[in-house]
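Student: Quick one, what's the 3D model for this:
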Amino acid sequence: MLVLNKFNAFFQSEKILTPFIYSECLRFLKTLGSNFLKKEYLSGQIVNLNTLHPHCILPIEAIQVGSSTSDLIASFDKNLKEQFLFKCLAFYQKAFQECLNRFPLNNFFKNLNIIQIDNALNPAVNTEIKCVAEKIIPNNVDSCTKECNQLKNLFF
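Tutor: Predicted coordinates for the structure are as follows:
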């Protein structure tokens with residue numbers, strides 16, 4: 001699957017990509033989910049989504065498998081085509097759940113974008129510096145939070 005390869009390759013870089021972990025994981029989940037989940041479920045709290053719930057899932061004939069595969073299975077009889085699509089659905093659901101189990105989708109990584117200078121100094125970027133500071137400098141959280149907020153006011 002191309003989306004898996006692209007996601008994997010993104011983090012195989014010499015660049016520091018730590019601030020992007022959370023957003024890239026969400027982007028990946030939304031891309032993967034767009035193959036089998038209804039659009040309205042991709043815009044909400046995706047980290048709490050139950051991909052096994054029938055209300056979240058697209059009708060079986062709408063499961064995305066790629067244009068080449070769609071062309072190939074077009075010649076299948078209805079039962080075989082549905083079996084194939086159900087197997088694809090099961091794969092997507094399992095992959096999505098395994099990613100949720102493994103990805104660092106917590107407040108620390110969500111707010112780690114604060115280490116990017118553009119975000120650190122931009123008052124419009126609403127990050128919770130406290131949860132990042134608690135992990136990095138646990139005995140000086142208040143000073144770190146105060147200093148970060150002061151810097152935002154100085155530069156914008």
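
Student: Can you say which helix or strand has the residue nearest to residue 73 when sequence neighbours are not counted in it?
Tutor: Spatial nearest neighbour of residue 73, chain neighbours left out: residue 81 (5.1 Å); criterion: C-beta to C-beta, 6 or more residues apart in numbering. In short, each C-beta sits where N, CA and C put it, glycine included. In this assignment (DSSP states H and E), residue 81 forms part of helix 78-102.

Student: Please work out which residues outside whatever helix or strand comes next after that helix touch it.
Tutor: Under the assignment DSSP H and E, the closest C-terminal helix or strand after helix 78-102 is helix 107-110. Under the criterion C-beta atoms under 8 Å, 6 or more residues apart in numbering, residues 21, 22, 25, 128, 131, 132, 135 lie in contact with helix 107-110.

Student: hmm, 7 Å instead?
Tutor: Contact with helix 107-110 is made by 21, 22, 128, 131, 132, 135, as judged by C-beta atoms under 7 Å, 6 or more residues apart in numbering.

Student: Save these as TSV, and put in pLDDT, secondary structure and neighbour count too.
Tutor: What follows is the contacts of helix 107-110, written out as TSV (pLDDT from 0 to 100; DSSP: H, G, I helix; E, B strand; the rest coil; neighbours: other C-beta atoms under 10 Å):
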residue	pLDDT	secondary structure	neighbour count
21	83	helix	18
22	84	helix	21
128	74	coil	14
131	71	helix	17
132	75	helix	23
135	73	helix	12
